[in-house]
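J.: how would this look folded up:
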Amino acid sequence: MIASIAALAIAFSAPGAAALADSPSAPAAQRGVNGNNVTRVFHSGGGSFEHTEGGRWVEFADDGTLIHEFNEERRDASRVSLFDVARGARVWINLRTREISGAPAYGRPRLLYRIVETDAGRRGRGWRGRRGQGDGGGGNWGGNGGNWGGNGGNNGGGWGRDDIRNIEVGPIWNQNDAQGKCTNKAREMRGEWTGQWRTTVQGRMSVCEIRFR
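T.: Okay, the predicted model is just below:
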């Protein structure tokens, strides 16, 4: 496992990989974005990885559902390294190669997605109701919303002034339980609970509808 991660790190720093900030074809919004200042990364699976506050990151699926949470381990000009405490999984967001790779707790690193867009200094409104273009790696890592394969395609769309997302909070048993869990999750995500919630997996998972302004 250690050797595999070391090999991946060497590949990430291979000579000849052009920095995103130096690429003449990079969109204007992405120029100057690197591992030291990146806060949102949209990928070929249609979702995004977003820095929320402190050393915390979250991953959103292509429908805006929060599916994973991470602690930032380290970052430099080339990439950001993340760790999912709940699953023991690691993710590397490489701004030079425009790739997102990861390794489960007991598995080898592999390509997950291609980076399609990045932001620096913006937080909390990353989901755009679309799938990215390009290909990603495959593989279901399990867990909540754990399919990390690349979906490809393009559904178009966009998002308006208010961004409403379904955020997973674990099982909700009744309205009183929803009041506490959804309110707390909205406060944690710096959003506002709309009062709506629903169960997605009976006895295991529910989502709260949270608005981000």
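J.: Helices along this structure, start to end?
T.: Per DSSP state H, the chain carries helices over the ranges 2-12, 175-188.
J.: Just the residues contacting the last one, thanks.
T.: Which is helix 175-188. Residues from elsewhere that reach helix 175-188 (Cβ atoms under 8 Å, 6 or more residues apart in numbering): Ile167, Val169, Gly170, Ile172, Glu192, Trp193, Trp197, Ser206, Cys208, Ile210. For glycine as for every other residue, the C-beta is placed from the backbone atoms N, C-alpha and C.
J.: 10 Å instead, please
T.: The set of residues external to helix 175-188 that reach it, using Cβ atoms under 10 Å, 6 or more residues apart in numbering, is 52-53, 56, 66, 167-173, 191-199, 206-212.
J.: which stretch in the helices of the chain has the least confidence?
T.: Here those differ in mean pLDDT, and the lowest is helix 2-12 at a mean of 43.
J.: Break the protein into its domains for me.
T.: 2-120, 163-212 (automatic domain parsing).
J.: CSV for the ones you listed, including mean neighbour count?
T.: Listed next are the domains of the chain as CSV, based on neighbours: other Cβ atoms under 10 Å:
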stretch, mean neighbour count
domain 2-120, 18
domain 163-212, 16
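J.: quick one: which of these has the weakest pLDDT on average?
T.: domain 2-120 (a mean of 79).
J.: Quick one: the strands in this structure, in order.
T.: In the chain, the segments counted as strands under DSSP state E are 38-43, 48-51, 56-60, 66-75, 79-84, 89-94, 99-103, 110-120, 163-170, 192-201, 205-212.
J.: Angles on the backbone of Ile172, please.
T.: Main-chain dihedrals, Ile172, degrees, to the nearest 10: phi -120, psi 130.
J.: That one contacts Thr199, correct?
T.: Yes: Ile172 is in contact with Thr199 according to Cβ atoms under 10 Å; the separation is 6.5 Å.
J.: Identify the contacts common to those two.
T.: Ala178, Met205, Ser206, Val207.
J.: and of those, the nearest to Thr39?
T.: Closest to Thr39 out of the shared contacts of Ile172 and Thr199 is Val207 (23.9 Å), distances taken as Cβ to Cβ.
J.: what pairs with the closest one across the strands?
T.: Glu168, Arg198 (DSSP bridges).
J.: Please report the distance of Ile115 from Val33.
T.: 10 Å (Cβ to Cβ, to the nearest Å).
J.: quick one: Gly121 from Asn36, how far?
T.: Counting by Cβ to Cβ - Gly121 and Asn36 are separated by 12 Å.
J.: actually Leu95, sorry about that
T.: Distance from Leu95 to Asn36, counting by Cβ to Cβ: 9 Å.
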